[in-house]
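Novice: the following block contains a protein sequence and its predicted model.
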Amino acid sequence: MSALLEVRGLARAFGGVHAVDRVSFFVEKGEVRGLIGPNGAGKTTVLNLVSGLIRPSAGSIVLEGRSIAALSPHRIAGLGVARTFQNIRLFPDLSALENVLVGEHLRRRPTLLSRLLLLPSAAAEDRRARAQAGFLLARVGLGGRSAIKARHLSYGEQRRVEIARALALDPRLLLLDEPTAGMNAVEAEEVASLVRRLAAEGHAVLLVEHNVRLVMDTCDAVTVLSFGQVIADGPPSAVAQDEGVVAAYLGRARP
Amino acid sequence: MGQWLIDLYSSYESTLGYIGLNSLFALSVYATLCCGQLALGNAGFAAVGAYAAALVTMHAHGPFSLALFAGALAPAILSVPLGLPVLRLKGVFLAIATLGFGEVVRISLVNWDYVNGAQGIVAIPKLTSLWLIYLVLAAAIFVLYRLRGSKWGFALEAIREDEPAARTLGIATHRYKLAMLVLAAVLSGTAGALEAHFTFMVAPSGFTFLRAVDMLVFAVVGGTLTCFGPVLGAAFLTLLPELLREVSPLVGLEPGPLRLLANGLILLAIILFLPEGLASLPQRLVARREGGSG
Amino acid sequence: MGQQVLNGIFLGSIYALFALGYTLVFGVLDMLNLAHAAVFMLSAFVALTLVLRLHLGIAFALPLAVLSAALFGLILERVAFRPLRDRTDSNVAGLISSLAMATVFEAVALEVFGPNIARFPIGTLPDRQIAVLGGVVSVLKLGIIALALAIFLALTFLVRRTRLGRDLRAVAESPRAARIVGVDVDRVVAAAFAISSALGGAAGVLFALAFNAVSPDMGRSVELKGLSVIIVGGMGSMPGAVVAGFLLGVTEVFVVAYLGASWRDALSFAGLFVILVLRPRGLFGAASLREA
């Protein structure tokens, strides 16, 4: 049985620099796979490649048996891949609720004609979409903050809104890029338990993280990158004791 | 008495008509600005619409409704092959490419003998009435206003704020941008057609890139957060020269330079101090008052 | 034929000077300065006024006019660009505020000088002709070409060999990094504007001398062509601006000779479209301009 996401021999160079070099890993349905490594290891580049923002120089990316390496980002999103960004890319002048509403784009019915004809079905569709967005926000613990403009939310709140927005796509594969960066321990644990629940519901999650302990607690499998290459792959306990991994992280000790 | 009223009406009719027409032109720039695209080819679209309508009336002797329809359709058709390559460009590059398009249209018209080249087409019957202009304007405002809150409206907003992020959320950004460019073409083409039958003539000199820049200025001065801003900006900047004409002897400047100076200073003040345009002034004042007393 | 080429080189050198100024500001600030053509026009008027009113010889009027252009550039930077530097939409806002300043400059010129074409008094300019390369060219045009070349060389020296040049390149690369390394970014940006406007001003005075015509709308046609030139050459690339400028000058002369004057202006836009669609970064330009 093939995995939900199969990445084989993925490579991407910028000029002479091999940001990603022959990377392979799989993500199964309902699995949380961690993608860790020191700064500059190529983790975000991998996410950019999988989500279609950049093209690979070599290798394959296959989602449920379908090759997506040459597809544009919106087609890939349409196939059920949603992501968050390392440097948070919410729409700053939209409210938290509206940000999540944008995420519902693919799930909303077109109402242009009924809007122009002032039919009630348009308003009903709006209500439904907004209710759904509100539900997702509540799910990440931000029910009370839905009307606040994204630029006025705290860092941790923004990250959670981004996750809610990604969930609005009802994705099969969720790509999370350092979702707990800048969060305190309590918030981080909330995110971690959310991720575990999502996996239990059948979503596949590819989690890029610097918080190594969180990764070890949350992930079913871990891939370690260093300078664009995979240096370890396996269950968290095995990876934590791998010599190569320890060496790569030397001097970057984190609790 | 009747004659006085008629004289009064005709002197104001032109201004009122132009408030409506300029509002349409401003909305045509807004159509692409609201999804973050600075497309400035609208003078070219207006020219195509104006000439298409004029040709229907003068050469084909068709009814006015057909002329208007041609005025809307011709630039819309042209906007698609323009938009497909050009909307891939970012920021100022898109602006320059579309300005270039407008110039190519103008130069082609200057060199086309069938439409009398630089002299243009004259003696076009005055078939446009004020209420028609305002009817079209109301329809345009209605459509743009109803977009808000819909899937379409939010997609445009998302593209404006962060296009790559929007794509990762499943929004086919190129399709929306192209659709808004077509809408811009329809709006400016229709306005051009209406104008041709309001001012009796069309000529290439009426569609220079300065015209496109004027349309941008209307939209920016009014504010581009909602569809009402551009209308406000157009009304304000169309009325301004009339006011200035009265004031110019007092200030001691010629009306022409005075108008330019006022336009320049207003635009500068807006972009530096009130970047969201005149339409945002009430909000700003309220916020300042609340902040002060709180 | 040689005659045409000479005319083309002469015209091209003016385009190149103008485009250099445009591309310098874009390269350093990522903003398009739409007031560049207004400075082009104003310095021509300054030169004219110096000659007409103060009876200065052109040898003095020209450098003084160029200096005044640099001053206009400093004013532009301080008033219209610096306040916008930290905004997210800074390049569009910069475009609009420079547009506003251009309108103000044009209003001033209109008010002070009126809308008509003004000319230099007889005797200002040399009118001798000499035979070169199988054609006849005026000493004036040759002088302009020589002057333009001298300016290009001086600019190349400035950018490659001086500290200011090094700082300019640093700021063009990344203003934040440059600041960290100790570059006074505000000073460098102001200098960039001064130099850029001086180039535009020089182009304006030379243009006015070449055609013996000064009017408030003289910048109009050059403005758009200048945009085409910097795009074809590559935004931010100085060699690109020079090469594309000469290219436009020479091809325009040939288009006028063989196709007629009315298609001349279409040429620069045709080139613009071709480049934007096939190779958006221009002949010598750097990074990609398209989106992901």
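Specialist: In hand now; what should we look at? Numbers count the residues shown, from 1 in each chain, chains lettered A, B, ... in the order given.

Novice: can you count the residues close to residue 61?
Specialist: Picked chain A for this. When neighbours are counted by other CB atoms under 10 Å in any protein chain shown, residue A:61 registers 23. For the C-beta atoms, the positions are set from N, CA and C on the backbone; glycine is no exception.

Novice: ah, no, chain B please
Specialist: Applying other CB under 10 Å, I find that residue B:61 has 7 neighbouring residues.

Novice: that one: what secondary structure?
Specialist: Following DSSP: H, G, I helix; E, B strand; the rest coil, the label given to residue B:61 is coil.

Novice: what does the pLDDT read for it?
Specialist: Residue B:61 is assigned 90 on the pLDDT scale.

Novice: what's the separation between it and residue B:67?
Specialist: Residue B:61 sits 10 Å away from residue B:67, going by CB to CB, to the nearest Å.

Novice: and what of residue B:264?
Specialist: Residue B:264 is 36 Å from residue B:67, by CB to CB.

Novice: which residues in the stretch 1-150 of chain C form strands?
Specialist: Here the stretch 1-150 of chain C has its strands, by DSSP state E, counting those that start in this stretch, at C:129-132, C:135-138.

Novice: show me what the last one is packed against.
Specialist: So the one you mean is strand C:135-138. Judged by 3 or more CB pairs under 8 Å, 6 or more residues apart in numbering or on different chains; DSSP states H and E, the packing partners of strand C:135-138 are helix C:2-29, strand C:129-132.

Novice: cool, the first one as well?
Specialist: Contacting strand C:129-132 under the criterion 3+ CB pairs under 8 Å, 6+ apart are the following elements: strand C:135-138, helix C:139-161.

Novice: you'd agree residue C:62 is up against residue C:208?
Specialist: No: Residue C:62 sits out of contact with residue C:208 when judged by CB atoms under 8 Å, with a separation of 10.2 Å.

Novice: settle it for me: which of these two has more neighbours?
Specialist: Legend: neighbour count by other CB under 10 Å for residue C:62 and residue C:208, higher for residue C:208 (24 against 21).

Novice: contacts only, for the more buried one.
Specialist: By CB atoms under 8 Å, 6 or more residues apart in numbering or on different chains, the contact list for residue C:208 reads C:44, C:47-48, C:120, C:214, C:218.

Novice: ok, which pair from those is furthest apart?
Specialist: Largest separation among these by CB to CB: C:120 and C:218, giving 13.3 Å.

Novice: circling back to that earlier point, could the strands of the stretch 1-150 of chain C go into JSON lines alongside mean pLDDT and mean neighbour count?
Specialist: Below are the strands of the stretch 1-150 of chain C laid out as JSON lines (pLDDT from 0 to 100; neighbours: other CB atoms under 10 Å in any protein chain shown):
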{"stretch": "strand C:129-132", "mean pLDDT": "70", "mean neighbour count": "11"}
{"stretch": "strand C:135-138", "mean pLDDT": "71", "mean neighbour count": "15"}
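
Novice: could you dump those to JSON lines with distance to residue B:222?
Specialist: Below are those laid out as JSON lines (distance: least, CB to CB, whole Å):
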{"stretch": "strand C:129-132", "distance to residue B:222": "55"}
{"stretch": "strand C:135-138", "distance to residue B:222": "51"}
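
Novice: so where's the stretch 101-250 of chain C uncertain?
Specialist: C:132-135 (pLDDT under 70).

Novice: correction: chain A
Specialist: Residues of chain A that meet the cut-off, pLDDT under 70, sit at A:1, A:250-255.

Novice: could I get the contacts of residue C:208 as JSON lines with neighbour count?
Specialist: As requested, the contacts of residue C:208 are arranged in JSON lines below (neighbours: other CB atoms under 10 Å in any protein chain shown):
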{"residue": "C:44", "neighbour count": "29"}
{"residue": "C:47", "neighbour count": "30"}
{"residue": "C:48", "neighbour count": "22"}
{"residue": "C:120", "neighbour count": "19"}
{"residue": "C:214", "neighbour count": "26"}
{"residue": "C:218", "neighbour count": "21"}
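
Novice: name the nearest of the residues you listed relative to residue A:35.
Specialist: The closest of the contacts of residue C:208, once distances to residue A:35 are taken by CB to CB, is residue C:218, at 60.5 Å.

Novice: check contacts around the closest residue to residue C:105 other than its chain neighbours.
Specialist: If you skip the residues right next to it in sequence, residue C:105 has residue C:38 as its closest partner in space, 3.8 Å away by CB to CB, 6 or more residues apart in numbering or on different chains. By CB under 8 Å, 6+ apart, residue C:38 lies in contact with C:101-102, C:105-106, C:109, C:219.

Novice: out of those residues, which end up buried?
Specialist: The neighbour count (16 or more other CB atoms under 10 Å in any protein chain shown) marks C:101-102, C:105-106, C:109, C:219 as buried among the contacts of residue C:38.

Novice: what about those residues, which are in helices?
Specialist: C:101-102, C:105-106, C:109, C:219 (DSSP state H).

Novice: could you pull up phi and psi at the residue of the stretch 1-150 of chain A found nearest chain C?
Specialist: Chain C sits closest to residue A:53 of the stretch 1-150 of chain A, with a gap of 4.8 Å, by CB to the nearest CB. Per-residue torsions, residue A:53: phi -70, psi -30 (degrees, to the nearest 10).

Novice: contacting residues around residue C:67?
Specialist: Going by CB under 8 Å, 6+ apart, the list of residues near residue C:67 reads residue C:198.

Novice: go again with 10 Å.
Specialist: Neighbouring residues of residue C:67 by CB atoms under 10 Å, 6 or more residues apart in numbering or on different chains: C:43, C:46, C:194, C:198, C:201.

Novice: for the closest residue to residue C:81 other than its chain neighbours, grab the count of nearby residues.
Specialist: Nearest residue to residue C:81, sequence neighbours excluded (CB to CB, 6+ apart): residue C:94, at 5.6 Å. A count of neighbours around residue C:94, defined by other CB under 10 Å, yields 26.

Novice: is it true that residue C:94 touches residue C:79?
Specialist: No: in this structure residue C:94 lies outside contact range of residue C:79 using CB atoms under 10 Å: 11.8 Å.

Novice: on that earlier part again, between residue B:264 and residue B:67, who's got more neighbours?
Specialist: residue B:67 (26 against 23).

Novice: is the helix or strand where that one lies anywhere near chain C?
Specialist: Using DSSP states H and E, residue B:67 falls within helix B:64-86. Yes: using CB under 10 Å from any CB of the partner chain, helix B:64-86 reaches chain C at B:82, B:84-86.

Novice: what's whichever helix or strand comes after that helix packed up against?
Specialist: Note on helix B:64-86: by DSSP H and E, the next helix or strand toward the C-terminus is helix B:91-110. In this structure, helix B:91-110 makes packing contacts with helix B:42-58, helix B:64-86, helix B:173-196, helix B:209-222, helix C:90-113, helix C:219-233, helix C:264-278, judged by 3 or more CB pairs under 10 Å, 6 or more residues apart in numbering or on different chains; DSSP states H and E.
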